[in-house]
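[1] got a sequence here, can you build the structure:
(one chain, ligands or ions: 1)
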Amino acid sequence: MASLSLPRIFVSCLVSSFVFILTRRYWRLKGINGPLLAAFTDLWRARIQYFGPFVPTLLKLHEKYGAIVRIGPNTVSFSDPAYIGVVGSARGGFAKADSYGAMRGFVNGKSVGSIIDMQDEEKHRAIKRAVGNAFITKSMLDYQGDVDVVLDALLRNIRTHRLGSPFDLNDLMQLFQLDFLLKIAFGENSGHLDSDRDVSGMAKVLYKRIMHWYAWQPLPNLERFIFQNPLWSRFFVQPSKWARAGAMRVEARREQIKQGLVASEGPRDLLQKYLDASEKHPDIVRPEIISWLVNSTISAGADTTSGTLTTALYLLLKHPRVHAKLLRELCEARDAGRLSFPIRYAMVEHLPYLDAVIKEAMRLNAPLAVPLERVVPLQGCFLGDVYLPGRTVVACAPYVIHQNKECFGEDVAEFRPERYLEKKGADLLAMEKANLAFGLGSRICIGRHIADLEMKIVLPSLLMMFDFKLVNPDFDVPFDLGIFEMELNPITVTVSERVFHGK
Ligand code: HEM
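    Below is the predicted model of the structure:
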């Protein structure tokens with residue numbers, strides 16, 4: 001018998017530990033189907049997310065393995081909208097997963113958070129209660145004047161710079177949205193549209209950060225170790241423009257308040273509403289939270305809204321039948337005296353076809369094209385009859401949920417807004433609940449009413465005043481990266497004044 005030498009013992013221990021770790025990893029969620037490699041390592045998913053879009057792969061996995069698929073040693077994805085209620089429930093205790101950390105920006109070498117990546121749900125609820133007034137439907141009229149001012153600048157921009165020559169639709173929408181956000185957040189006229197360029201330098205920066213998040217989502221610990229450490233961030237990471245811009249404005253406003261230059265009554269921009277909330281609830285809305293809120297407003301509201309407006313216009317141009325039907329609805333409202341320029345939110349808020357077109361555009365191209373990840377609370381949970389132990393990461397990709405045929409119909413791949421008008425009662429409610437374009441549950445987008453206000457005024461105004469045409473009408477934008485696909489596949493259009501206003 002060969003004697004047991006020290007190196008042999010060492011190698012045996014190493015191999016046994018390795019086998020033990022792999023077995024434990026595999027065992028954790030052993031009843032749940034998925035690619036074999038995914039049961040042992042997150043590198044399987046990381047490779048796909050790093051090199052290419054993940055959601056088409058995810059869709060195929062669900063077709064093959066069913067409604068719950070294991071996509072990592074500790075991560076499952078679900079495709080059945082019935083489980084959204086479990087994961088999104090306000091009292092369910094599902095916190096955001098570590099993967100959101102990769103969204104963080106940097107200022108002066110320090111990683112700066114936002115409320116989007118907050119994991120402490122209790123703290124998050126308290127902040128939302130303290131500043132929630134700024135975002136409720138009752139406050140929407142506060143923003144109508146800002147939409148008017150920025151929409152005027154948009155119309156001016158089109159008439160001055162765009163008529164006759166092809167341009168990237170998303171570029172224009174980004175300039176619009178930056179002007180709008182800086183107006184509602186800081187009361188500033190930032191002049192992106194009037195100067196027809198990205199004066200703040202913020203238009204493309206979010207794309208890079210979101211792509212970083214897409215790539216590193218499966219490996220949050222490694223991402224934190226490499227990118228969130230002080231050395232790396234001080235020497236190798238560019239400061240986030242929006243985080244720096246936000247920090248500078250907060251400081252400037254505090255100085256103005258100190259000097260008595262801010263009236264205690266009267267119209268409030270978002271920053272002032274946050275500062276007012278901080279004065280009322282100093283323990284909850286602490287100074288660093290103001291920066292988080294400001295960051296969130298700019299970073300979460302920019303590309304999402306501009307990308308959705310671009311998607312809706314693009315889909316209308318690709319589908320002349322839907323385009324004509326929407327114009328008919330708008331013109332009938334105008335002819336009946338229910339709609340005039342400048343458009344007020346009350347005139348368009350409940351136009352059924354406009355509402356359906358926007359929902360359908362967001363269904364087909366939800367802005368975020370990676371799974372939204374939550375952590376199962378310690379006591380574990382059931383998705384249907386599948387038990388998930390505490391700390392499992394559950395992921396739901398809007399792209400995947402939005403392709404559910406049982407919920408949305410056999411023609412899920414089509415752009416057909418009528419699906420929202422044909423269904424009634426429980427079926428309609430199920431479709432509404434399954435639309436994850438604004439996220440889910442307690443962490444649903446807090447800016448959704450503002451976005452609705454903007455989109456329902458901007459889209460009809462553009463459609464009734466201008467005639468847009470796609471330069472490459474036969475090209476189909478894949479939407480694999482959500483709205484960020486448009487950075488790779490620009491939607492080039494031409495525009496002319498509409499003579500007959502669509503009649
Ligand atoms: C069409 C436009 C918009 C879309 C599709 C959209 C989409 C989303 C989604 C999907 C989330 C949740 C992300 C997650 O769970 O991982 C979110 C969160 C958020 N959005 Fe929006 N958004 C839009 C416009 C806006 C606007 C205009 C603002 C601000 C004025 C805004 C502010 C926020 C904030 C602050 C959060 C974080 C909420 C939280 O964690 O509690 N969004 N948004």
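[2] and residue 496, what helix or strand is that in?
    Residue 496 belongs to strand 492-497 when assigned by DSSP states H and E.
[3] against which helices or strands is that strand packed?
    The helices and strands touching strand 492-497, judged by 3 or more C-beta pairs under 8 Å, 6 or more residues apart in numbering; DSSP states H and E, are strand 167-168, strand 466-470. C-beta coordinates here come from the backbone N, C-alpha and C atoms, glycine included.
[4] mind listing what's buried along that strand?
    Residues 492, 493, 495 are the ones in strand 492-497 that count as buried (16 or more other C-beta atoms under 10 Å).
[5] what strands line up against it, and which way round?
    With DSSP bridges as the test, strand 492-497 is paired with strand 167-168 (antiparallel), strand 466-470 (antiparallel).
[6] packing partners for the next helix or strand after the last one?
    Moving toward the C-terminus from strand 466-470, the first helix or strand encountered (DSSP H and E) is helix 485-488. For helix 485-488, not one helix or strand is in contact under the criterion 3+ C-beta pairs under 8 Å, 6+ apart.
[7] circling back to that earlier point, can you redo the helices and strands packed on strand 492-497 as CSV with mean pLDDT, mean neighbour count and distance to residue 243?
    Conversion of these to CSV gives the following (pLDDT from 0 to 100; neighbours: other C-beta atoms under 10 Å; distance: least, C-beta to C-beta, whole Å):
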stretch, mean pLDDT, mean neighbour count, distance to residue 243
strand 167-168, 98, 16, 26
strand 466-470, 97, 16, 34
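[8] then the strand holding residue 496 to CSV, C-alphas only?
    Extracted in CSV, the C-alpha atoms of strand 492-497 (Å, rounded to 0.1, in the frame of the first residue of the first chain):
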residue,chain,number,x,y,z
THR,A,492,-33.1,57.2,-37.9
VAL,A,493,-36.1,59.2,-39.0
THR,A,494,-37.1,62.2,-41.1
VAL,A,495,-39.8,64.6,-40.1
SER,A,496,-42.0,67.1,-41.9
GLU,A,497,-44.9,69.3,-40.7
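[9] quick check: mean pLDDT of it?
    Average pLDDT, strand 492-497: 98.
[10] mind putting the strands paired with strand 492-497 in JSON lines, distance to residue 41 included?
    Conversion of the strands paired with strand 492-497 to JSON lines gives the following (distance: least, C-beta to C-beta, whole Å):
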{"stretch": "strand 167-168", "distance to residue 41": "40"}
{"stretch": "strand 466-470", "distance to residue 41": "43"}
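[11] these: which one's closest to residue 353?
    The closest of the strands paired with strand 492-497 to residue 353 is strand 466-470. By C-beta to C-beta, the value is 18.2 Å.
[12] so where's the stretch 1-150 of the chain shaky on pLDDT?
    Applying pLDDT under 70 to the stretch 1-150 of the chain flags the ranges 1-4, 90, 107-109.
[13] which parts of it sit against the ligand?
    Contacts of the stretch 1-150 of the chain with the ligand, taken as C-beta under 6 Å from any ligand atom, map to 115, 116.
[14] in the stretch 1-150 of the chain, which residue sits nearest the ligand?
    residue 116 (4.3 Å; C-beta to the nearest ligand atom).
[15] ok, now which ones touch that residue?
    Each residue near residue 116 by C-beta atoms under 8 Å, 6 or more residues apart in numbering is listed here: 100, 103, 296, 299, 300.
[16] now do the helices in the stretch 301-450 of the chain.
    Assigned by DSSP state H, counting those that start in this stretch, the stretch 301-450 of the chain shows helices spanning 320-335, 345-348, 352-364, 398-401, 405-408, 419-422, 425-434, 448-465.
[17] using a markdown table, lay out these together with mean neighbour count, mean pLDDT and distance to the ligand.
    Below are the helices of the stretch 301-450 of the chain laid out as a markdown table (neighbours: other C-beta atoms under 10 Å; pLDDT from 0 to 100; distance: least, C-beta to the nearest ligand atom, whole Å):
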| stretch | mean neighbour count | mean pLDDT | distance to the ligand |
| --- | --- | --- | --- |
| helix 320-335 | 16 | 98 | 18 |
| helix 345-348 | 18 | 96 | 14 |
| helix 352-364 | 21 | 98 | 6 |
| helix 398-401 | 25 | 96 | 7 |
| helix 405-408 | 16 | 96 | 18 |
| helix 419-422 | 16 | 97 | 16 |
| helix 425-434 | 14 | 95 | 14 |
| helix 448-465 | 21 | 97 | 4 |
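[18] output those helices as a markdown table; include the columns distance to residue 91.
    Output for these, formatted as a markdown table (distance: least, C-beta to C-beta, whole Å):
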| stretch | distance to residue 91 |
| --- | --- |
| helix 320-335 | 40 |
| helix 345-348 | 33 |
| helix 352-364 | 27 |
| helix 398-401 | 22 |
| helix 405-408 | 24 |
| helix 419-422 | 29 |
| helix 425-434 | 17 |
| helix 448-465 | 21 |
